[in-house]
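K.L.:
Following is a predicted model, sequence given first.
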Protein chains: 2
Amino acid sequence: MNISAVAEQSSVPAKTIRYYESIGLISAPPRSEGGYRVYSRRDVETLRFIQRARSLGFSVKDVGDLLALWQDRSRASAEVKAVAERHVAEIQRKIADLEAMRATLKDLVTRCHGDDRPDCPILDGLAGAEEECCT
Amino acid sequence: MNISAVAEQSSVPAKTIRYYESIGLISAPPRSEGGYRVYSRRDVETLRFIQRARSLGFSVKDVGDLLALWQDRSRASAEVKAVAERHVAEIQRKIADLEAMRATLKDLVTRCHGDDRPDCPILDGLAGAEEECCT
DNA sequence: CTTGACCTTCCAGTGACTGGAACCCTTATC
DNA sequence: GATAAGGGTTCCAGTCACTGGAAGGTCAAG
């Protein structure tokens, strides 16, 4: 299988596959006579795993750890759970941050009439911050 | 005022102030005889504005736009509102993405007993995805 | 005069790709 | 056999918003 076939089947762009190889996330596949990378179905599985983990927001480093655990038949599930729980906590934190931003911004947007006049509570909020907004 | 005083008063690190100058977000201040940057209270206000906008998640480009509008006495508040509304929409989208990730992950984490045994629904989920998870 | 804190510039690195240039390989067609 | 299209390859640069560090100049106090 050439790289573009694998890219299609795994939903990971060819460019990204080469990148993953360059940073050591996946191992270098054998090459054809012409120097093309030759992949197996196993590689497709691996890249699908990576794709799903990335789409769940795991960092590339975390994905590396999860891959190693996945390929280790004797691993304890506790380790995997720990990685996932750390990640859930981080996602929660990000959500909270974004919720706070949204609340502040929506308030400002609501109070801004948004017409031709220059008067604007949004800019005033950013400039003065008489209210607590950016905690 | 030297750069570190401004940094302290605006909560923007000195390094970042120089960076903002280098990308043209703020204008270059006059220099002292020894070549030090010399700032005014006005500059502190500007940097505070920037700091608040950044902490609300506006991109540096958006901050540049907002700054220009802020400094334009005759701007229409509609323009500002448009920038802010676009940003709110983006924040909402990010929140939705993160909520979806969290839901999937929490489900996997819950189903993983997390003990010494190798059996692990989290890895199985990433590997097989029999369930719809990563939309 | 020296010390130490502050300032300066410039270069490099972060994360996770992505775009592009320049060139090689394969296959089909004329 | 020539050629053209559509793969593939490498490597360099750019993204975003900083941040760290090296090498060196400036300033005030002791």
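P.N.:
Looks like it arrived, so ask away.

K.L.:
Identify the residue nearest the residue lying farthest from the centre of chain A in space, chain neighbours excluded?
P.N.:
Relative to the mean C-alpha coordinate of chain A, counting by C-alpha atoms, centre = their mean, the farthest residue is A:R117 (41.4 Å). Taking C-beta to C-beta, 6 or more residues apart in numbering or on different chains as the measure, A:R117 lies nearest to B:S77, with 6.0 Å between them; neighbours along the chain are not counted. Backbone N, C-alpha and C define where each C-beta goes, glycine included.

K.L.:
do the same with A:S40
P.N.:
The shortest distance from A:S40 to any residue that is not its chain neighbour, by C-beta to C-beta, 6+ apart, is 7.1 Å, and that residue is A:M1.

K.L.:
Please report how far that neighbour lies from A:Q71.
P.N.:
As defined by C-beta to C-beta, to the nearest Å, A:M1 lies at a distance of 20 Å from A:Q71.

K.L.:
More neighbours: these two, which one.
P.N.:
Neighbour count, other C-beta atoms under 10 Å in any protein chain shown: between A:M1 and A:Q71, A:M1 has more, with 17 against 11.

K.L.:
Name the residues of stretch A:3-15 that are buried.
P.N.:
A:I3, A:V6, A:A7, A:Q9, A:S10, A:V12 (16 or more other C-beta atoms under 10 Å in any protein chain shown).

K.L.:
Distance check, the nearest residue to the fifth one once chain neighbours are set aside against DNA strand D.
P.N.:
Spatial nearest neighbour of A:S10, excluding adjacent residues (C-beta to C-beta, 6+ apart): A:L47 at 3.6 Å. Distance, A:L47 to DNA strand D, by C-beta to the nearest atom of the strand, to the nearest Å: 14 Å.

K.L.:
just A:V38 next, same as before
P.N.:
Following C-beta to the nearest atom of the strand, the distance that separates A:V38 from DNA strand D is 8 Å.
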